[in-house]
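In: this one's structure only:
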Ligand SMILES: CC(C)(COP(=O)(O)OP(=O)(O)OC[C@H]1O[C@@H](n2cnc3c(N)ncnc32)[C@H](O)[C@@H]1OP(=O)(O)O)[C@@H](O)C(=O)NCCC(=O)NCCS
């Protein structure tokens, strides 16, 4: 992690790093386990600003000089309209925080940055939230190992409609998503 520092903040920090966060976001979520997924950058930007405006979002950024190495966005879990009521009810009462997005730039992976982002998010959530949850692509194996290593438990899956690109065509496919939950101590 030499030369990298983690910064935490709200919409102001996000705004200052918006261009690089979106560039990494667009790359991370259209390649690898997310290959073929279609994302509209302007729509994603708007969605992220709404997370800050309406759902108490926070961002944690790994930066080195003026370069972004990774980021995590968290928000109140009520933003997540894909979480079925049947799964939400298994979480019990009380506020739940979501890891809305997490990505580390490919050249910075496997150095512990992802783990440190999730740890920081859980630490920050500890005083006010009873659970931290995250929804991950069913085939995002690296992310699943990370969550399991940090004590998250799988608590359900959903099949959602995703915009996809295949052979130059723009269509929609059903994609399996896995939910993980971290229970705060004492709950
Ligand atoms: C998932 C993701 C965020 C992980 O980020 P990361 O910074 O590589 O995570 P870590 O470095 O903490 O852990 C990754 C691996 O490196 C290993 N590692 C950590 N520090 C290391 C070090 N100093 N030397 C060697 N290996 C190390 C970890 O043990 C882990 O091993 P594993 O793959 O066998 O489980 C990253 O792969 C990513 O951005 N993926 C694409 C987007 C995505 O799927 N996001 C999650 C959406 S929910």
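Out: Ah, there it is. Predicted model only: the values in this text are computed from it and were never measured.
In: Show me the residue of the protein that gets nearest to the ligand, please.
Out: Closest to the ligand within the chain is residue 114: 2.5 Å, counting by Cβ to the nearest ligand atom. To be clear about C-beta, it is placed using only N, CA and C from the backbone, and glycine gets the same treatment.
In: Would you mind listing the residues in contact with that residue?
Out: Contact criterion Cβ atoms under 8 Å, 6 or more residues apart in numbering gives 70, 102, 104, 142, 143, 146 as the residues in contact with residue 114.
In: Return the distance of the strand or helix carrying it from the chain's centre.
Out: Residue 114 is part of helix 113-125 when elements are defined by DSSP states H and E. For helix 113-125, the distance from its own C-alpha centre to the chain's C-alpha centre is 11 Å (Cα atoms, centre = their mean, to the nearest Å).
In: With stretch 104-112 instead?
Out: Taking the mean C-alpha point of stretch 104-112 and that of its whole chain, the gap between them comes to 15 Å (Cα atoms, centre = their mean).
In: Report the next helix or strand after the helix of greatest length in the chain in sequence order.
Out: Residue-count comparison of every helix in the chain, with assignments taken from DSSP state H, identifies helix 11-28 as the longest. Proceeding N to C from helix 11-28, the next assigned helix or strand is helix 41-54, under DSSP H and E.
In: any idea of the angle that following helix forms with helix 11-28?
Out: The directions of helix 41-54 and helix 11-28 differ by 140 degrees, with axes from the mean of the first three to the mean of the last three Cα atoms, to 10 degrees as the criterion.
In: Which ChimeraX command selects the buried ones in the contacts of residue 114?
Out: With 16 or more other Cβ atoms under 10 Å as the criterion, this ChimeraX line picks the buried residues out of the contacts of residue 114:
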select :70,102,104,143,146
